[in-house]
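Student: I'd like to go over a predicted model; first the sequence, then the structure.
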Amino acid sequence: MTMLGLVIKGSVPLPASSRTDLKVMRYVAALMHSRARHDLLNTVGLLGNSLYLETPGILVRATACAAPLFLGEMEVEAVATGHPVLLLRHSSDRLASDLKVDIVLPGDGDLAWFLDYRLFRGLSGDSWLVPSDHGPSIQLMRHGLFLSEQAPYSDEWDRNAGLERASAHLGAHLSGGWSWR
């Protein structure tokens, strides 16, 4: 039994994963070319029904809840497990392909937060998380998350095109037109 649940008084675990949640989590696993399994490390229980991406060692959870809900739970999970945590926020419409991502990276005695990121897809099929406002871009790679101060786009038009490509790719996946198998 763990006492970490007491860290956030009144905290409510995320609701059970919906079919859309599972599809979105598996989609991110496929983008990172990683095997995903249900989170066996979930001793805290706050972000239940998470997927654990084995190769990069990342916890991924999806929800239709808007920010700032569950940021505290992400923090506790990151501290308790020592793994990065991605919270994928999607629309409650199961076919909507707008996806925002909150990321917390545990470090030496501190946490790095990256909030309100969007999925970006380059022309070569590379996948990134780019900030809505300012901050580093994060490339989704087989061996983890690669932070870069250099954006994967050259201008606003290129950025919008990459966001639209990512949205279309995710939309096809959610509607069944794309499979990771």
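Tutor: All right, it came through fine.
Student: Let me know how buried the nearest residue to residue 145 once chain neighbours are set aside is, in neighbour terms.
Tutor: In this structure, residue 145 finds its nearest non-sequential neighbour in residue 138, 5.2 Å apart by CB to CB, 6 or more residues apart in numbering. Glycine gets a C-beta too; all of them are placed from N, C-alpha and C. Residue 138 is flanked by 25 other residues according to other CB atoms under 10 Å.
Student: Please apply the same query to residue 99.
Tutor: Residue 99: 22 surrounding residues under other CB under 10 Å.
Student: Likewise for the one 4 residues further on?
Tutor: In terms of burial, residue 103 registers 21 neighbours under the definition other CB under 10 Å.
Student: Pretty sure it sits against residue 89.
Tutor: No: between residue 103 and residue 89 there is no contact under CB atoms under 8 Å: 11.4 Å.
Student: so how far is stretch 53-69 from its chain's centroid?
Tutor: 4 Å (CA atoms, centre = their mean, to the nearest Å).
Student: end to end, how far does it reach?
Tutor: The first and last residues of stretch 53-69 sit 23 Å apart, counting by CA to CA, to the nearest Å.
Student: Please name the nearest non-neighbouring residue to the residue nearest the centre of the chain.
Tutor: Centre of the chain computed as the mean C-alpha position; nearest residue by CA atoms, centre = their mean is residue 86, 3.4 Å away. Leaving aside its chain neighbours, residue 86 sits nearest to residue 60 (4.8 Å; criterion: CB to CB, 6+ apart).
Student: residues of the worst-scoring helix or strand of the chain on mean pLDDT that come out buried?
Tutor: Each helix and strand of the chain was given a mean pLDDT (mean pLDDT, DSSP states H and E); the minimum falls on strand 36-38 at a mean of 74. By neighbour count on 16 or more other CB atoms under 10 Å, the buried set for strand 36-38 is residue 36.
Student: Contacts for it next, please.
Tutor: Residues from elsewhere that reach strand 36-38 (CB atoms under 8 Å, 6 or more residues apart in numbering): 25-26, 29, 49-54, 60.
Student: Tell me the strands beside that strand, with direction?
Tutor: strand 51-53 (antiparallel) (DSSP bridges).
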